[in-house]
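In: Would you be able to build a 3D model of this:
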Amino acid sequence: YAGSAAAEIMTERGFEVTFLESDIIIGDVNLDGKVSISDAVLMQKYLTSTEVLSEIQKISADIDENTRVNIFDLMCLKNTFCTKQ
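Out: Residues are numbered from 1 along each chain as shown. You can find the predicted model right below:
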């Protein structure tokens, strides 16, 4: 995907990289087609090394799109569930 370490390495080594369109929903970590609290739970498990994510799941979990899945992504995801009354 665009901005990934793999794409950068391939480009640096002279390969032509083509990015494909995808139907990834940012925040849909469990890939069930919607963003819900279960996505936050799965991300927490990943961050505590009790769950493994596929590359597609990592792309979806990278909420701030900095190519790393970390606590900041989890905070952003959890923030989507907070609403002001």
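
In: chain center to the worst-scoring helix or strand of the chain on mean pLDDT, what's the gap?
Out: The weakest-scoring helix or strand in the chain, judged by mean pLDDT, DSSP states H and E, is helix 5-12 (a mean of 83). The chain centroid and the centroid of helix 5-12 are separated by 18 Å, computed with Cα atoms, centre = their mean, to the nearest Å.

In: Buried residues of that helix, list them for me.
Out: For helix 5-12, the neighbour count (16 or more other Cβ atoms under 10 Å) marks residue 7 as buried. For every residue, glycine as well, the C-beta is placed using N, CA and C.

In: residues in contact with the longest helix seen in the chain?
Out: If you go by DSSP state H, the chain has its longest helix at helix 37-47. With Cβ atoms under 8 Å, 6 or more residues apart in numbering as the test, helix 37-47 has contacts from 27-30, 32, 51-53, 57, 61, 69-71, 73-74, 77-78, 81.

In: Export that helix to CSV, keeping only CA atoms.
Out: Provided in CSV are the C-alpha atoms of helix 37-47 (Å, rounded to 0.1, in the frame of the first residue of the first chain):
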residue,chain,number,x,y,z
ILE,A,37,-15.9,-1.7,19.9
SER,A,38,-14.8,-5.3,18.9
ASP,A,39,-12.2,-3.6,16.6
ALA,A,40,-10.8,-1.7,19.6
VAL,A,41,-10.6,-4.9,21.6
LEU,A,42,-8.8,-6.7,18.8
MET,A,43,-6.3,-3.8,18.5
GLN,A,44,-5.7,-3.9,22.3
LYS,A,45,-5.0,-7.6,22.1
TYR,A,46,-2.5,-7.0,19.2
LEU,A,47,-0.8,-4.2,21.2
